[in-house]
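In: with the input below, show me the fold.
(one chain, ligands or ions: 2)
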Amino acid sequence: LFVGEVDFLKGVVAMDGLPPDDRAEVCFAGRSNVGKSSLINALTGRKGLARASNTPGRTQEINYFTLGSERYLVDLPGYGFANAPVAVVAKWQALLKAYLAGRVSLRRAFVLIDHRHGVKAVDNEIMTLLDRSAVTFQVVMTKADKVKGAEHDKILEQVRGQLAKHPAAYPEIVVTSSEKGDGIGTLRSIIAT
Ligand code: GTP
Ligand code: MG
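Out: Ligands and ions are numbered 1, 2, ... in the order given. Below you'll find the model as predicted:
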């Protein structure tokens, strides 16, 4: 669906570097290393489009991708622990929060949760920020390929319990694996609508 329609536009390091807010955008937020960039690559079918790596703190800018001429996909830096100097991390975390709280053309935030770990305190913090800013968000479980049956359901239950506390949360949770392709079609159709 997206292949050929997607291109890297720019990396943004300050709010005044954001492109004009004249089209709808969706963003991918989540703890460092949760799989945001990998998910964008899986969704677009373009492996090296968003740079992914095993080092938490890989993405340090707000990366804009055009999806056709009417939409942006936005890859965000992670929150929580990152393998980078404290001052640098603080700067991009502030940018991340300013973006999530203040971007008027942000239609939906996808909040990615590692299926092995469930919702952590830092995730709740970000979700609360989204509640306050009235940004609808949808939880996407990542790395589902790394989790087995019973554990899978147990974590999902934990996540549902946490989501109940957040008025801006969309009730449906999408379970994905960028590695195996699970949930990628579902997510594509959500983005396309
Ligand atoms: P930051 O930019 O540092 O915040 O990280 P990120 O959230 O963009 O994560 P990234 O996509 O760079 O992936 C982090 C690591 O997780 C990489 O080693 C990926 O290969 C791995 N990974 C991502 N998605 C999956 C998945 O669905 N399954 C498995 N097994 N590994 C994954
Ligand atoms: Mg990344």
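
In: is the longest strand along the chain positioned near ligand 1?
Out: In the chain, taking DSSP state E as the definition, the longest strand is strand 106-114. No. Strand 106-114 lies out of reach of ligand 1 by Cβ under 6 Å from any ligand atom, never closer than 6.7 Å. Glycine gets a C-beta too; all of them are placed from N, C-alpha and C.

In: sort out which residues of that strand are buried, please.
Out: Across strand 106-114, burial judged by 16 or more other Cβ atoms under 10 Å covers 106, 109, 110, 111, 112, 113, 114.

In: the fourth one is in contact with residue 136, isn't it?
Out: No. If you go by Cβ atoms under 8 Å, residue 111 and residue 136 don't touch, sitting 10.6 Å apart.

In: check contacts around the most centrally placed residue in the chain.
Out: Nearest to the geometric centre of the chain sits residue 28, at 1.9 Å (Cα atoms, centre = their mean). By Cβ atoms under 8 Å, 6 or more residues apart in numbering, the contact set of residue 28 is 36, 39, 40, 73, 74, 75, 76, 109, 110, 112, 140.

In: can you pull the pLDDT of the residue of the chain found nearest ligand 1?
Out: Of all residues in the chain, residue 78 sits closest to ligand 1, at 2.7 Å by Cβ to the nearest ligand atom. Looking at residue 78, its pLDDT is 94.

In: ok, and the closest non-adjacent residue to it?
Out: residue 32 (3.1 Å; Cβ to Cβ, 6 or more residues apart in numbering).

In: give me the element the closest residue to residue 97 other than its chain neighbours is part of.
Out: Nearest residue to residue 97, sequence neighbours excluded (Cβ to Cβ, 6+ apart): residue 129, at 6.2 Å. Element membership of residue 129, judged by DSSP states H and E, is helix 121-133.
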